[in-house]
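A.B. asks: sequence unknown, structure follows:
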């Protein structure tokens with residue numbers, strides 16, 4: 001792999017680490033929300049009030065899984081069309 005490829009891998013590793021760190025912070029805030037003044041228990045505005053956060057979390061995990069899959073792929077796993085094997 002060339003220097004440009006190694007720089008790209010390093011940048012991808014930094015971006016992947018940032019995404020994991022942001023997801024960890026969001027998970028921490030979701031599990032332990034800050035206290036505020038208000039009723040102790042409140043009913044959601046509509047019966048499926050948990051559906052929107054669940055969809056967001058699921059899509060975030062799918063995106064993270066795709067990022068990891070792209071990062072782990074072999075960049076030179078295929079034969080190039082311009083390389084001739086008959087030299």
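C.D. replies: Arrived safely, thanks for sending. As the structure is a prediction and not an experimental result, all values here were calculated from the model.
A.B. asks: what about the helix ranked longest in the chain, distance to the chain center?
C.D. replies: In the chain, with assignment by DSSP state H, the single longest helix is helix 3-31. Relative to its chain's centre, helix 3-31 lies at 8 Å (C-alpha atoms, centre = their mean, to the nearest Å).
A.B. asks: Check which helices and strands it sits against.
C.D. replies: Counting contacts by 3 or more C-beta pairs under 8 Å, 6 or more residues apart in numbering; DSSP states H and E, helix 3-31 packs against helix 51-72. In this view, the C-beta of every residue, glycine as well, is placed from N, C-alpha and C.
A.B. asks: hmm, back to that, what mean pLDDT would you report for the longest helix of the chain?
C.D. replies: The pLDDT scores in helix 3-31 average 86.
A.B. asks: quick check: angle from that helix to helix 51-72?
C.D. replies: Here helix 3-31 points in a direction 160 degrees away from that of helix 51-72 (axes from the mean of the first three to the mean of the last three C-alpha atoms, to 10 degrees).
A.B. asks: Show me the residue at the heart of the protein, geometrically.
C.D. replies: Centroid-nearest residue in the chain, with C-alpha atoms, centre = their mean: residue 64, separated by 2.4 Å.
A.B. asks: need the contact list for it.
C.D. replies: Counting by C-beta atoms under 8 Å, 6 or more residues apart in numbering, residue 64 touches 19-20, 23.
A.B. asks: Export those residues as JSON lines, with columns for neighbour count and distance to residue 49.
C.D. replies: Formatted as JSON lines, the contacts of residue 64 follow (neighbours: other C-beta atoms under 10 Å; distance: C-beta to C-beta, whole Å):
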{"residue": "19", "neighbour count": "15", "distance to residue 49": "27"}
{"residue": "20", "neighbour count": "13", "distance to residue 49": "28"}
{"residue": "23", "neighbour count": "15", "distance to residue 49": "22"}
